[in-house]
Every structure is written in structure tokens, then in C-alpha cells.
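>>> sequence and predicted structure, then a few things I'm wondering about:
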Amino acid sequence: MSERAAPYYCPYCGDEDLVPEEGAAVKGEGYPWSCLSCARVFRVKYVGLRSASLSAPSRPTEGNS
């Protein structure tokens, strides 16, 4: 698996004009990406998969329960 997976959208403004931020890589923390639209630099990191054996978190219900 590649260490650099390209994001499709900026998480801040939603624009697609992203370029890799070269020279700022930190092993294990993902590569930074620069949004040319809003001028923010961000990292995207894959954490892992949630276990299927865990039950879904309980959601609050409306009304008095």
C-alpha cells in the first residue's frame, strides 16, 4: 500500500485544487497536502478499521424515555 493516498477534497473549504506539500513528510504521520483555494495545509491519516463485533453506539432518542 502506498504511503501517500491522495485526498479528493479539502476538508476545510471542499475545493479540489490540492497539491502535495513536498519536503514536510514525517514518517508515520502522513504527508501534508496544500489547498490552493483556501491556503491551508493539512494531513490525512488512516487510523484503522472499527471492529465489527462491537455494537453500534447508542443514540439519544427523542421524547421522555
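Done, it's in.
>>> pLDDT on whichever strand or helix holds residue 42, on average?
Per DSSP states H and E: residue 42 is located in strand 41-43. Average pLDDT, strand 41-43: 91.
>>> adjacent strands (with direction) for it?
Using DSSP bridges, strand 41-43 pairs in its sheet with strand 32-35 (antiparallel).
>>> mind listing residues that contact the strand it pairs with?
6-7, 10, 12-13, 15, 17-21, 24-25, 40-44 (Cβ atoms under 8 Å, 6 or more residues apart in numbering). In this view, the C-beta of every residue, glycine as well, is placed from N, C-alpha and C.
>>> so how far is that strand off the chain centroid?
Here the centre of mass of C-alpha atoms in strand 32-35, compared against the chain's by Cα atoms, centre = their mean, to the nearest Å, lies 12 Å away.
>>> which of the helices or strands spans residue 26?
For residue 26, there is no host helix or strand (DSSP H and E).
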